[in-house]
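A.B. asks: Provided below for reference: sequence and predicted model.
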Amino acid sequence: MDPHLLRTYVTVARLASFSAAARELGYTQSAVSQHIQALEQDLGAPLLSRRPVAPTAAGERLLEHAGPLLLRLDAARADVVRRAAAPALGLTLAASPTALAPRVLAALPVAGVTLRVLAREAVLAAVATGAADLGLVDGLAAPNDPLRLPDVAPLTSRGAGEEAVCVLLPAAHPLARRTRLRLGDLADARWLDAPDAGLPLAQLRAANGGHGFRPALRYDGTDVRTLTALAAAGRGLTLLPAPAATGVPGAVAVPLTEPRLVHRTELVHTGSPGAAAAALAEALAA
């Protein structure tokens, strides 16, 4: 399967337009059409309906494979280029918003660091493709259990910390006076769906047997302060690591005690990190 044809297909499917894909890729529209036809002939199945432009059942299945395949190709290219290039000065750290605990910020060198705050999946892609030297990703886990990270590239991960998790509620909420909460008691509450700024509802759902946690409002940003302000305003509950949930005006952070879950942060990198990246990794591990 030609990766150039696959990239064209993914772009057309994402934009739902042959002409828009041609502009983004720098091809003519006829070249884009030829790429799609060649890929369909190679696979022996139609991948796109034309009016409107949308993936067929076979096309949807191909999209599930395409992302990891193309990312691995990008990671391989970046690894080869990285080994051939001169050592870069400075350090680029990509991190999901809730991975940036105070202890993480305190461990950063005083100079020479570029910090990129990204969605969790984008952090892994940035490290895999060489856009970041190190990545910090986070999520819910049982104490001392590693995170279940998607297999996007050959990445090395190590634990970088665990913290308690709290439910953030408006101060006037009926449960705000509780000293602790159980996840199962909150499954039918109104929740904020903020997959990049908070802990994803899918992880809460998985911890609760796969049901509950209907979103009342979706927030697609990465600013944790906006998320906490939404919770304080009564737009829905959210689950956050204790440091991020504590001290929010107009809100109360109640510890989650059942099931036993922690907010786990892991450091990811490819190969052997450079001197600056290795020093930061050791500081975070300590």
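C.D. replies: Yep, it's here.
A.B. asks: Surely Arg14 forms part of a helix?
C.D. replies: Yes - following the definition DSSP: H, G, I helix; E, B strand; the rest coil, Arg14 is counted among the residues of a helix.
A.B. asks: Neighbours of it, how many?
C.D. replies: Here the count is done by other C-beta atoms under 10 Å, and Arg14 has 13 residues near it. Placement of C-beta: from N, CA and C, glycine included.
A.B. asks: same check, this time on Pro97
C.D. replies: By other C-beta under 10 Å, 21 other residues sit near Pro97.
A.B. asks: try Ala111
C.D. replies: Here the number of neighbours of Ala111 (other C-beta under 10 Å) works out to 6.
A.B. asks: does it count as helix, strand or coil?
C.D. replies: Remark: Ala111 carries the secondary structure label coil [criterion: three-state DSSP].
A.B. asks: Which pLDDT value does the model give it?
C.D. replies: Turning to Ala111, the model gives it a pLDDT of 78.
A.B. asks: Who are the contact partners of it?
C.D. replies: Counting by C-beta atoms under 8 Å, 6 or more residues apart in numbering, Ala111 makes contact with nothing.
A.B. asks: Spell out the residue ranges of the strands in this structure.
C.D. replies: Taking DSSP state E, the strands of the chain run over residues 48-50, 53-55, 91-95, 113-117, 134-141, 156-163, 165-170, 181-182, 191-193, 215-218, 238-241, 251-258, 262-269.
A.B. asks: wait, doesn't Ala99 sit right on Leu134?
C.D. replies: No - no contact is recorded between Ala99 and Leu134 when judged using C-beta atoms under 8 Å, the distance being 11.1 Å.
A.B. asks: and for these two, which residues touch both?
C.D. replies: With the criterion set as C-beta under 8 Å, 6+ apart, the contacts of Ala99 and Leu134 do not overlap.
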